[in-house]
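In: dropping a prediction and its sequence here:
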Amino acid sequence: MTRRAMLALPALLGLASPGRGQAPLRVATIDWAVLETSLALGRPPVAATELVQFREVAVEPPVPDGVADLGLRGTVNYEVLQLARPELIYITHFYESSVPRLRLIAPVESFTLYAPRVDPFPAAEAMMRAIGERLGIAERAGRYIAETHAELDACRQRLQALDGLPVIPINLGDARHFRVFGADSMFGAVLARLGIANAWTEPTNYSAMAPVGLEELARVPEAWIVMIPPVPADASRLLGRSAFWNALPNVRAGRVLTLGSIDPYGGLPAARRFARLLTAALEQAGAAKRD
Amino acid sequence: MIRPLFLHRPFAAALAALALVALPFAAVLATRAPLPGDPAIVAPLEQILLWHSLLPRFVTALLCGAALGLAGLLLQQVLRNPIADPSTLGLAAGAQLALTMATAFAPALIAFSREATAFAGGAAAVALVLALSWRRKLDPVTVILSGMVVSLVAAALGAAVVLAKGDYLFSLFIWGAGSLNQQSWDVPLALAPRLLLGFAASFALLRPLTLLALDDASARSLGVALLAARLAVLVVAVWLAATVVAQIGIIGFVGLAAPILARALGARRLRDRLIAAPLAGAVLVSFTDSAVQILGSATADLAPTGAATALLGGPLLLWMLGRIPPTVPPQMTSGWRESSRVRRPVLAVSTLMAVAAIVTLGALVLGRGPDGWSLATGQLFADLLPFRGPRIVAAGFAGAMLAAAGTLMQRLTANPLAGPDVLGVSAGGGVGLALVLFLSSTVTPWTMALGAGGGSLAVLLAMLLIAGRAGTGPARLLLAGVALGALSMAVVSTVLAQGDMRGYLLLVWMSGSTNRVGAAEAWIAVASCVALCLPLFLFSRWLDILPLGEGVSLAVGLPRRLGRLTLATFAALLTGIASLLIGPLSLIGLVAPHLARLSGFAQGRHQLAAAMALGAGVMVLADWLSRVVIFPYQIPVGLFAALIGGPYLIWLLSRGAESHD
């Protein structure tokens, strides 16, 4: 018996055990939000895209080793996808153009999470519910959604003890530009549910607006500047000696935070991760301020 | 006739320039939305914004424009080519590649110095180009040709790295589009002394510069040490442009437009143009920079300034086409026009086709899977064929079509730089695609095809309109193509700079990926290749006569207008369809015809057939490599086309040079 078969054996036994008498649906996904969602439901897909990058950018939930890497999201390796023998392929509407190719392999189901001026949070909830139903684990999906609401509520409670200033979620492009996440981003949606104002009230394109000149930060002197990685290597050094940056009231008052990496186009797991990291960072910074 | 404004009324010209710079900037200050909030907090912030952001930005725009105008003038003078500019030497692409690679693989370099990294990349690209053309004593045509090959390879490599790293590198789009936002005086303080030094050097080189515009023999007889003089001027120009690229990014078209603008305004003598071109560049960039700030929203510019200068510069250049004095198109120097002819061209073409067929067969069966390398047979072959078949067929036929289009364009314009990418037709497809991505919320293959096809067709029609106008010589047609291409790429860079999912889709298209090709697209490739290429062999006499120039064409009774128009239509249609399939970046339309001619296929129809076979073979090989090299990830096929074709072309060029020295 080969090593591969040895490794597959427990999985096969595990699959047979639920007693329903049928193997779970073999699902593949092109989109990261779907990948996050199905991982959070404990049903890893047979194949997904850009796993190397996913582990670095989205960080959680962890991807088990058995998931086949389909290559880049923009150039899906159809040959690998075919050989993974999925029975269902999930996409989001960004990948609509690859549907004819994907249909040759398996039926395709599509979600729309991010659209201009639309709150992505209900869409992410609906997606989790739909995936749960399709995989026969609707209950687990319902539980995860309830947990999400509970976690957001808990964070909201903790944040009420703090200064209540608005937050501007940004991602630095270089030392002179940033991209900002608006109300139709997942970060914006979570801020609204945490009872914190998003300091960026201008419209965005597809949840983020870029490039914005760093000088625009002068418009939000009250806000906490919350940086989402990646932070370019030279940006923090250049900012440190920038007269403009150091004159910003937020910077002078220490209202600058850098969170851990989060997928900006994620689903509910990314939303929870943002809420958790932001609350912890604000609490820590707030505590430091009181000293 | 334009009044020689600059020459006779220098003060009026200076005043006009001042007005064009100062009034828009005043408007920027006046229309700027005031900061909201408590006046006590806001007042010092407004001061800081004015002194540390708005003013340095204004000065940076002027300095960048002047440096690029001067660099462009020097390059055009020394290369004797009206379409030479900093990007022709591979400088911009080299600098961008260095930044991309450093960001992806060695962030420490970026932390050390972003500018130094970009400068090193740009200088390395230029050094490579000069080394490649050293044997030919930096012959202008060879320099430009090598520069374009190096640029395309660098651009393809850069796009591949960006794609492989996901949306990670969006800062590079900003940089690539040349945004002028400033929050300190660092950049203007770095630019100003370099610009002054560049000026001093240019005036010191005034005499050799003037003589370099003559042909080699006359310049030599007047006692100019050709090599040393050219090298000195090139170093100054490259250094100026590299400084701007390193500090700001790519500011499109200014290096090209400013010298032409200066000449059109009446600056004839070199001494005058050395003042007028930088002035024109400064006005152009400053005006554009003010415009994007006024027209943008309260918080964001309308477009990155570098992209916007190309938006202004493109139409300006098109409008001025009729006004610039006639220039001599760069002729192919004898070194590689007269390669030894193939004895039995038909047999040789058949052999090339057979090789292409064998490569195709290999690409169909040999591949990598989750369990390693395999020869696909039986069930596995049947499973994989629906995915392998169409992309290989599409790559091969698109390669053949681009090769045919390139052959037509090079023969049509008698210009070795002509190619589908250079004439802007493929870039036009990108604009159409960008429009579709903006206007519709869902993207289907049909809307994508419609958008890209429509864009290509629009540029094609514009090119035909220009080509059909009386007095449009080959050089002007090429210039018009470059203008339209840059205009189109400016629109595409603006979309890329948004850093969102639509930008990502455009990047995938731009990098030339055959991955998304299905059976329908493959059949379209076959049908259009057959329908468009077979008739070309009926025109083989035109192909032989047109490169000889207008006099000969008229003498042998060729219907000149009709001949041009027909061949141009074919070339544009071939390009439009092929770039839809494999993207606009492939080098194949430029390289395959060269390879065919350098291999000794001299007659029009032989060159055409050989170029098509070579184009198809190279593209299939490139497609196979793109599939297997970093499996399961895929590198765009355009990259491998450039990586295979580029070095080979360079090798053949240097071989041709040896046999003639």
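Out: Yep, it's here. Numbers count the residues shown, from 1 in each chain, chains lettered A, B, ... in the order given.
In: identify the residues contacting B:His52.
Out: By CB atoms under 8 Å, 6 or more residues apart in numbering or on different chains, the contact list for B:His52 reads A:Ala243, A:Phe244, A:Ala247, B:Gln182, B:Gln183, B:Ser184, B:Trp185. For glycine as for every other residue, the C-beta is placed from the backbone atoms N, C-alpha and C.
In: and the gap between it and B:Ala190?
Out: Going from B:His52 to B:Ala190 by CB to CB, to the nearest Å gives 16 Å.
In: again, but for B:Val431
Out: Counting by CB to CB, the separation of B:Val431 from B:Ala190 is 34 Å.
In: who has more neighbours, these two?
Out: B:Val431 (25 against 15; other CB atoms under 10 Å in any protein chain shown).
In: helix or strand for the spatially closest residue to B:Gly563 that is not a sequence neighbour, just tell me which one.
Out: Closest residue in space to B:Gly563, ignoring its immediate chain neighbours: B:Trp542 at 4.8 Å, by CB to CB, 6 or more residues apart in numbering or on different chains. Secondary structure from DSSP states H and E places B:Trp542 in helix B:540-545.
In: and what of B:Ala277?
Out: B:Ala277 belongs to helix B:270-295, assigned by DSSP H and E.
In: mind listing the strands for the stretch 51-200 of chain A?
Out: Here the stretch 51-200 of chain A has its strands, by DSSP state E, counting those that start in this stretch, at A:68-69, A:88-92, A:108-111, A:167-172, A:177-181.
In: helices and strands around the helix holding B:Ala277, which ones?
Out: helix B:5-8, helix B:10-31, helix B:55-79, helix B:186-204, helix B:206-212, helix B:254-264, helix B:305-320 (3 or more CB pairs under 8 Å, 6 or more residues apart in numbering or on different chains; DSSP states H and E).
In: that one vs helix B:254-264, what angle?
Out: Calculated by axes from the mean of the first three to the mean of the last three CA atoms, to 10 degrees, helix B:270-295 forms an angle of 120 degrees with helix B:254-264.
In: if we can go back for a sec, okay if I get the helices and strands packed on helix B:270-295 as TSV plus mean pLDDT and distance to chain A?
Out: Formatted as TSV, the helices and strands packed on helix B:270-295 follow (pLDDT from 0 to 100; distance: least, CB to the nearest CB, whole Å):
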stretch	mean pLDDT	distance to chain A
helix B:5-8	52	35
helix B:10-31	86	13
helix B:55-79	90	9
helix B:186-204	90	8
helix B:206-212	80	36
helix B:254-264	83	20
helix B:305-320	72	11
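In: show me the one of the ones you listed that comes nearest A:Tyr114.
Out: Proximity to A:Tyr114 (CB to CB) singles out helix B:305-320 among the helices and strands packed on helix B:270-295, at 24.8 Å.
In: need the helix or strand of chain B with the lowest average pLDDT.
Out: Lowest by mean pLDDT, DSSP states H and E among the helices and strands of chain B is helix B:334-337, with a mean of 43.
In: who's in contact with stretch B:604-614?
Out: Against stretch B:604-614 from outside (CB under 8 Å, 6+ apart): B:342, B:345-346, B:348-349, B:352-353, B:355-356, B:400-401, B:403-404, B:406-408, B:411, B:533, B:536-537, B:539-544, B:592-593, B:595-597, B:599, B:601.
In: picking up where we left off before, mean pLDDT lowest for which of the strands of the stretch 51-200 of chain A?
Out: Lowest mean pLDDT of the strands of the stretch 51-200 of chain A: strand A:177-181, a mean of 86.
In: which elements pack onto it?
Out: If you count contacts as 3+ CB pairs under 8 Å, 6+ apart, strand A:177-181 packs onto strand A:167-172, strand A:208-213, helix B:170-177.
In: rerun at 10 Å
Out: With contacts taken as 3 or more CB pairs under 10 Å, 6 or more residues apart in numbering or on different chains; DSSP states H and E, strand A:177-181 sits against strand A:167-172, helix A:186-193, strand A:208-213, strand A:224-227, helix B:170-177.
In: report the distance from it to the chain centre.
Out: Strand A:177-181 has its C-alpha centroid displaced from the chain centroid by 17 Å (CA atoms, centre = their mean, to the nearest Å).
In: tell me the strands beside it, with direction?
Out: For strand A:177-181, the pairing partners within the sheet under DSSP bridges are strand A:167-172 (antiparallel), strand A:208-213 (antiparallel).
In: as JSON lines, the ones you listed with mean neighbour count and distance to A:Arg43 would be great.
Out: Below are the strands paired with strand A:177-181 laid out as JSON lines (neighbours: other CB atoms under 10 Å in any protein chain shown; distance: least, CB to CB, whole Å):
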{"stretch": "strand A:167-172", "mean neighbour count": "26", "distance to A:Arg43": "30"}
{"stretch": "strand A:208-213", "mean neighbour count": "25", "distance to A:Arg43": "30"}
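In: which one of those lies nearest to B:Ala102?
Out: strand A:167-172 (16.6 Å).
In: surely B:Ala486 meets B:Ile251?
Out: No. With contact defined as CB atoms under 10 Å, B:Ala486 does not reach B:Ile251; the gap is 11.4 Å.
In: more neighbours: the two, which one.
Out: A direct count of neighbours by other CB under 10 Å for B:Ala486 and B:Ile251 places B:Ile251 higher, at 34 against 24.
In: what's the closest non-adjacent residue to B:Leu450?
Out: Using CB to CB, 6+ apart, the closest residue to B:Leu450 is B:Val436 (6.9 Å).
In: what pLDDT is listed against the one you found?
Out: Reading off the model, B:Val436 has pLDDT 84.
In: for the closest residue to A:Phe121 other than its chain neighbours, give me its contacts.
Out: Counting by CB to CB, 6+ apart, the nearest residue to A:Phe121 once its immediate chain neighbours are dropped is A:Ala189, at 4.0 Å. Residues near A:Ala189 by CB atoms under 10 Å, 6 or more residues apart in numbering or on different chains: A:118-124, A:181, A:183, A:198, A:207, A:271, A:274.
In: filter those down to just the ones in helices.
Out: A:Pro120, A:Phe121, A:Pro122, A:Ala123, A:Ala124, A:Ala271, A:Phe274 (DSSP state H).
In: thinking again about what came up before, extract the CA atoms of the helix holding B:Trp542 and return them as PDB.
Out: Extracted as PDB, the C-alpha positions of helix B:540-545 are listed here (Å, rounded to 0.1, in the frame of the first residue of the first chain):
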ATOM      1  CA  SER B 540       2.800  39.100 -52.500                       C
ATOM      2  CA  ARG B 541       3.900  41.500 -55.300                       C
ATOM      3  CA  TRP B 542       2.800  44.400 -53.200                       C
ATOM      4  CA  LEU B 543       4.800  43.000 -50.200                       C
ATOM      5  CA  ASP B 544       7.900  43.100 -52.300                       C
ATOM      6  CA  ILE B 545       7.400  46.500 -53.800                       C
END
